[in-house]
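Novice: this one's sequence-less:
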């Protein structure tokens, strides 16, 4: 965690310098942490001794921050968003899966690679890719290539999306919905929305969590489809066949990540007034601090050079999938009259 702490201090210092020279922090410390971390990672590979701390910061601290964020959302917030938007979020995930997979096959990507990219784009980036990979028996090379692009583009979305929100003149709620529908990872939603305000962060996180919760049904669907495919393959005699591979089992944690459960429990506790009022601002501050450190870890884990090694077709599919997801999200927001 030493490297993450150093990047975090640099980001906080850079934001302070902005305030002193410009009178305003045009780029928040959370975003600066990603930029500085990614810049450092592009010219320096962390030694083995530092990697566990970086991975812990980029993943575990992020997940803890998401759990704490649940305390800022009550059932009243969920009801304020409305069933139409929640149902629309599920529809967006389904459409994004279909469009992304179709783009992958249209550009002649293998079936498994197209599935990985589709799930990463529509649901939750690297987490979805990691969860889906064993379900569909994806090769390590496919997983690495898919994750490389989603990691880089995921950071890109966090940086560019606020500019799109300003260009469209979106309110905090509108922008939060857009971020929740398009940003790849739950913690990245925090980085994309926290500079805008609490309303955007709460709306974006809730919408994003609905997308993440789709990972379970999608994994189950793919598991059944893959099992049926194996059964069909066994029906066709193959010379030298040594027997069908045993299906891999998926843990409950892959279908419903622990931090999602923690977030929902925190949200329930807030709704039932089980969390003392004085503790709420403290929890919010801790969540912000953990998120800042986590963004430093995320930046240090993102090597932009990996993009060049992963292939033009994969780059095209991932980019077009992301653009289509943004288009679908804007279409839903316009349809529901959120603008």
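Specialist: Noted; the coordinates are in hand. Since the structure is predicted, the reported quantities are computational estimates derived from the model, not experimental observations.

Novice: Can you give me the buried ones in the strand or helix carrying residue 209?
Specialist: Assigned by DSSP states H and E, residue 209 belongs to helix 198-213. Using 16 or more other C-beta atoms under 10 Å as the test for burial, helix 198-213 gives 199-213. No exception for glycine: its C-beta is placed from N, CA and C like everyone else's.

Novice: Next secondary structure element downstream of the helix or strand of the chain with the lowest mean pLDDT?
Specialist: Ranked by mean pLDDT, DSSP states H and E, the weakest helix or strand in the chain is helix 252-255, scoring a mean of 56. Moving toward the C-terminus from helix 252-255, the next helix or strand (DSSP H and E) is helix 258-271.

Novice: how far out from the middle of the chain is the helix or strand following that next one?
Specialist: Remark: after helix 258-271, the chain's next helix or strand is helix 279-300, criterion DSSP H and E. Here helix 279-300 shows a centroid-to-chain-centroid distance of 16 Å under the convention C-alpha atoms, centre = their mean, to the nearest Å.

Novice: still on that earlier bit, and the angle from the helix holding residue 209 to helix 279-300?
Specialist: Counting by axes from the mean of the first three to the mean of the last three C-alpha atoms, to 10 degrees, helix 198-213 points 60 degrees away from the direction of helix 279-300.

Novice: List of residues touching helix 198-213?
Specialist: The contact list for helix 198-213 (C-beta atoms under 8 Å, 6 or more residues apart in numbering) reads 66, 69, 72-73, 77-78, 81, 85-86, 89-90, 92-93, 122-124, 127, 172-173, 175-181, 183, 186, 189-190, 192-194, 256-257, 260, 263-264.

Novice: of these, buried ones?
Specialist: In these, the ones that pass as buried (16+ other C-beta under 10 Å) are 66, 69, 72-73, 77-78, 81, 85, 89, 92-93, 122-124, 127, 172-173, 175-181, 183, 186, 189-190, 192-194, 256-257, 260, 263-264.

Novice: Tell me which other helices or strands the longest helix seen in the chain touches.
Specialist: Longest helix of the chain, by residue count under DSSP state H: helix 140-167. Helix 140-167 is packed against helix 29-43, helix 111-119, helix 125-132, helix 172-182, helix 186-193, helix 312-335, with contacts defined by 3 or more C-beta pairs under 8 Å, 6 or more residues apart in numbering; DSSP states H and E.

Novice: mind running it again at 10 Å?
Specialist: Taking 3 or more C-beta pairs under 10 Å, 6 or more residues apart in numbering; DSSP states H and E as contact, the helices and strands that helix 140-167 lies on are helix 29-43, helix 111-119, helix 125-132, helix 172-182, helix 186-193, helix 198-213, helix 279-300, helix 312-335.

Novice: Now render those as JSON lines, adding distance to residue 146.
Specialist: Converted to JSON lines, the helices and strands packed on helix 140-167 look like this (distance: least, C-beta to C-beta, whole Å):
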{"stretch": "helix 29-43", "distance to residue 146": "19"}
{"stretch": "helix 111-119", "distance to residue 146": "4"}
{"stretch": "helix 125-132", "distance to residue 146": "5"}
{"stretch": "helix 172-182", "distance to residue 146": "18"}
{"stretch": "helix 186-193", "distance to residue 146": "17"}
{"stretch": "helix 198-213", "distance to residue 146": "17"}
{"stretch": "helix 279-300", "distance to residue 146": "17"}
{"stretch": "helix 312-335", "distance to residue 146": "7"}
